[in-house]
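Asks: Predicted model follows, preceded by the sequence.
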2 protein chains.
Amino acid sequence: MKIAILLYDRFTALDAVGPYEVLSRMPGAEVVFAAERRGPVRGDVGSLALTADAALDEITAADLLLVPGGPGSRAQHERPEVLEWLRAVDAGTTWTTSVCSGSVLLAAAGLLTGRRATTHWALPPALAAYGAEPVEERVVFDGKYATAAGVSSGIDLGLHLAGLIHGPETAQGIQLLIEYDPQPPFDAGSTRTAPPSVVTAVRSRLGAL
Amino acid sequence: MKIAILLYDRFTALDAVGPYEVLSRMPGAEVVFAAERRGPVRGDVGSLALTADAALDEITAADLLLVPGGPGSRAQHERPEVLEWLRAVDAGTTWTTSVCSGSVLLAAAGLLTGRRATTHWALPPALAAYGAEPVEERVVFDGKYATAAGVSSGIDLGLHLAGLIHGPETAQGIQLLIEYDPQPPFDAGSTRTAPPSVVTAVRSRLGAL
């Protein structure tokens, strides 16, 4: 199974690496990180760079396409070469997937029109603006389109996909290998559970961006 | 706050990127990935490379040191230049931290002798062999030494540290931003909860390595 993960300047690292850690461990998985040009691609914080081993025009097909999110995803909405690449690869995929604002980019490419999809908790309006139907769940499947909520949700997406592709025993084996038995010290990962003052502060910080 | 993250061939990507995603978002955090040489460093699966922006000899001090794990960590036990670098940087840290087999590397450098520490669920004997006291918990603090269990536990470690360094509101804000509200589709992240057949299969796969 060929898996292509899109990279672009100012992507969010965990959006790509969370699902990578699961999907790349599936039997027979071959992952390639692809960007406009080969070479290092800087994430949103600036101190991390992941290597793109392929340029977009070197990847014409994939069984699974993963589009991470990040502050840099917005700029990709204006890049015809990126949107066309997404449409061309999607035409041959078994699964087209995203994390965080990656679903808004898929929607901007016209791939989620009329489809149920999720995204970061702050972004349902952006998804709706491109004709998708935002659903506030952590992982949403609509046909071959599998979208995940913010950043860390890509790990859950990866396990859902591994279970569908190779069955629960394989997915559980990967979960055990990466010891994904989450025990966050706070219960603040969702706007339902975070203290209201924290939600307000993060919302205004995101608004300022 | 200066944060140094060690990279070496065949590290596990999420070990480094999980805590990075949290720690790099702390106010004033400056992260540098460091390896024997500057440039791309390949992870254990082979299809991912993270850039080291500094060589080890360029980093003489850090407030927080993070050592990720991975199949390549074992080879570092035999590298005096890596062990000496760990000891030299540790001498000035406020926090010395690890994920997965990173704690075994810290122990190999003599930094966890007589200290309580955790590691991947398959590795407590390796930790004990270097004189540490293995504790089967997800995140273990002993003085300034903070160790996390397997791979994905580094996200929990990062939130613990962010809470201690900047207080719960900051840590909760980061948790909300990265939407860390885990909802794994299986409950197989620990040997206590995974089906026995899955534990046996993964254990024998790890034994074969």
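Replies: In hand now; what should we look at? Bear in mind the structure is a predicted one, so any value in this text is a computation, not a measurement.
Asks: if I pick the closest residue to A:V41 other than its chain neighbours, what's in contact with it?
Replies: With sequence-adjacent residues excluded and distances taken as CB to CB, 6 or more residues apart in numbering or on different chains, A:V41 is closest to A:L7, at 4.2 Å. Placement of C-beta: from N, CA and C, glycine included. For A:L7, the contact set (CB atoms under 8 Å, 6 or more residues apart in numbering or on different chains) comprises A:16, A:33-35, A:41, A:50, A:52, A:68.
Asks: hmm, try it at 6 Å
Replies: By CB atoms under 6 Å, 6 or more residues apart in numbering or on different chains, A:L7 lies in contact with A:33, A:35, A:41, A:50, A:52.
Asks: out of those, who has the most neighbours?
Replies: A:L50 (27 neighbours; other CB atoms under 10 Å in any protein chain shown).
Asks: helix/strand/coil for that residue?
Replies: Three-state assignment for A:L50 (DSSP: H, G, I helix; E, B strand; the rest coil): strand.
Asks: dump the residue contacts of it.
Replies: Applying CB under 6 Å, 6+ apart to A:L50 gives the contacts A:7, A:41.
Asks: May I have the beta-bridge partners of it?
Replies: Beta-bridge pairing for A:L50 (DSSP bridges): A:V41, B:L50.
Asks: For A:E81, see how far away it is.
Replies: A:L50 is 20 Å from A:E81, where distance means CB to CB, to the nearest Å.
Asks: Then A:A88?
Replies: 10 Å.
Asks: More neighbours: which of these two?
Replies: A count of neighbours by other CB under 10 Å puts A:A88 above the other of A:A88 and A:E81, at 14 against 11.
Asks: nearest residue to that one other than its sequence neighbours?
Replies: Spatial nearest neighbour of A:A88, chain neighbours left out: A:T60 (6.9 Å); criterion: CB to CB, 6+ apart.
Asks: Which pLDDT does the model give that neighbour?
Replies: A:T60 carries a pLDDT score of 95 in this model.
Asks: Repeat that for A:L209.
Replies: So, for A:L209, pLDDT stands at 68.
Asks: for A:S98, same thing?
Replies: 98.
Asks: can you tell me the helix or strand for it?
Replies: With secondary structure defined by DSSP states H and E, A:S98 is part of strand A:95-99.
Asks: Check which helices and strands that strand is in contact with.
Replies: strand A:64-67, strand A:145-148 (3 or more CB pairs under 6 Å, 6 or more residues apart in numbering or on different chains; DSSP states H and E).
Asks: ok, now with 8 Å
Replies: Contacts defined by 3 or more CB pairs under 8 Å, 6 or more residues apart in numbering or on different chains; DSSP states H and E place strand A:95-99 against helix A:13-23, strand A:64-67, helix A:102-108, strand A:145-148, helix A:153-166.
Asks: How about it, which residues are buried there?
Replies: Neighbour counts over strand A:95-99 (16 or more other CB atoms under 10 Å in any protein chain shown) mark A:95-99 as buried.
Asks: and A:T113, what does it touch?
Replies: By CB under 8 Å, 6+ apart, the neighbours of A:T113 are A:107, A:130-132.
Asks: Which among those residues count as buried?
Replies: The buried subset of those - by 16+ other CB under 10 Å - is A:107, A:130, A:132.
Asks: Tabulate those residues in JSON lines, adding columns for pLDDT and distance to B:S153.
Replies: Output for the buried ones among the contacts of A:T113, formatted as JSON lines (pLDDT from 0 to 100; distance: CB to CB, whole Å):
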{"residue": "A:A107", "pLDDT": "98", "distance to B:S153": "34"}
{"residue": "A:Y130", "pLDDT": "98", "distance to B:S153": "36"}
{"residue": "A:A132", "pLDDT": "98", "distance to B:S153": "34"}
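Asks: Tell me the one of these nearest B:A194?
Replies: A:A132 (35.4 Å; CB to CB).
Asks: Remind me what the helix or strand of chain A with the lowest mean pLDDT packs against, helices and strands.
Replies: Least confident helix or strand of chain A, by mean pLDDT, DSSP states H and E, is helix A:196-208 with a mean of 93. Identification of packing neighbours for helix A:196-208 by 3+ CB pairs under 8 Å, 6+ apart yields helix B:168-177.
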